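Colleague: Structure, please.
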Amino acid sequence: QVQLVESGGGLVQAGGSLSLSCAASGATSSSYDMGWFRQAPGKEGEFVAGFRRTTGRTYYADSVKGRFIISRDNVQNTVYLQMNNLKPEDTAVYYCAARKSPTYDNWGQGTQVTVSS
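Modeller: Just a heads-up that it's a prediction; the model follows:
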């Protein structure tokens with residue numbers, strides 16, 4: 001079972017950038033599909049970006065495509081989410097997740113990202 005800890009959230013003005021980190025322990029993150037999700041107040045959680053472990057391919061939600069970049073450092077056992085040109089609608093709690101089955105069943109505690117207009 002992998003344990004995940006997110007960090008790097010904060011307050012930023014619209015147009016700014018933030019980089020989130022997801023440190024994995026207890027297992028090698030490269031053996032999992034890894035994903036970033038977010039949940040804004042009063043809204044359902046949504047997928048943001050992810051890695052497919054079998055192909056190394058990355059996936060993005062349309063709302064963040066071209067602005068966010070997911071990457072990983074297998075030596076550090078860490079997954080990152082670089083967020084550029086942030087918008088107020090990106091405000092949410094961001095969660096890192098991992099899966100080996102079709103369902104993401106390992107989750108971090110989340111980190112708050114607030115984008116002011």
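
Colleague: who's in contact with the residue most central in space within the chain?
Modeller: In the chain, the residue lying closest to the centroid (C-alpha atoms, centre = their mean) is residue 36, at 2.7 Å. Going by C-beta atoms under 8 Å, 6 or more residues apart in numbering, residue 36 touches 20, 22, 47-50, 70, 79, 81, 94-97. Quick note: C-beta positions are derived from backbone N, CA and C, even for glycine.

Colleague: So among those residues, which ones count as buried?
Modeller: 20, 22, 48, 49, 50, 70, 79, 81, 94, 95, 96, 97 (16 or more other C-beta atoms under 10 Å).

Colleague: Determine the three-state secondary structure at the residue nearest to the centre of the chain.
Modeller: Taking DSSP: H, G, I helix; E, B strand; the rest coil as the rule, one finds residue 36 in the strand state.

Colleague: would you list every one of the strands in this protein?
Modeller: In the chain, the strands defined using DSSP state E lie at 3-7, 10-13, 18-25, 33-39, 46-51, 58-60, 68-73, 78-83, 92-99, 106-107, 111-116.

Colleague: on that earlier part again, quick one: the residue nearest to the centre of the chain and residue 117, what's the gap?
Modeller: For residue 36, the distance to residue 117 equals 23 Å [C-beta to C-beta, to the nearest Å].

Colleague: roughly how far out does stretch 52-61 sit from the chain middle?
Modeller: 13 Å (C-alpha atoms, centre = their mean, to the nearest Å).

Colleague: Need the residues that contact that stretch.
Modeller: 30-34, 46-51, 68, 70.

Colleague: Report the buried residues of that stretch.
Modeller: Applying 16+ other C-beta under 10 Å to stretch 52-61 flags 53, 60 as buried.

Colleague: re earlier: now the strands of the chain in JSON lines, please, with extra columns for mean pLDDT.
Modeller: Formatted as JSON lines, the strands of the chain follow (pLDDT from 0 to 100):
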{"stretch": "strand 3-7", "mean pLDDT": "96"}
{"stretch": "strand 10-13", "mean pLDDT": "98"}
{"stretch": "strand 18-25", "mean pLDDT": "96"}
{"stretch": "strand 33-39", "mean pLDDT": "96"}
{"stretch": "strand 46-51", "mean pLDDT": "96"}
{"stretch": "strand 58-60", "mean pLDDT": "96"}
{"stretch": "strand 68-73", "mean pLDDT": "96"}
{"stretch": "strand 78-83", "mean pLDDT": "97"}
{"stretch": "strand 92-99", "mean pLDDT": "97"}
{"stretch": "strand 106-107", "mean pLDDT": "96"}
{"stretch": "strand 111-116", "mean pLDDT": "98"}
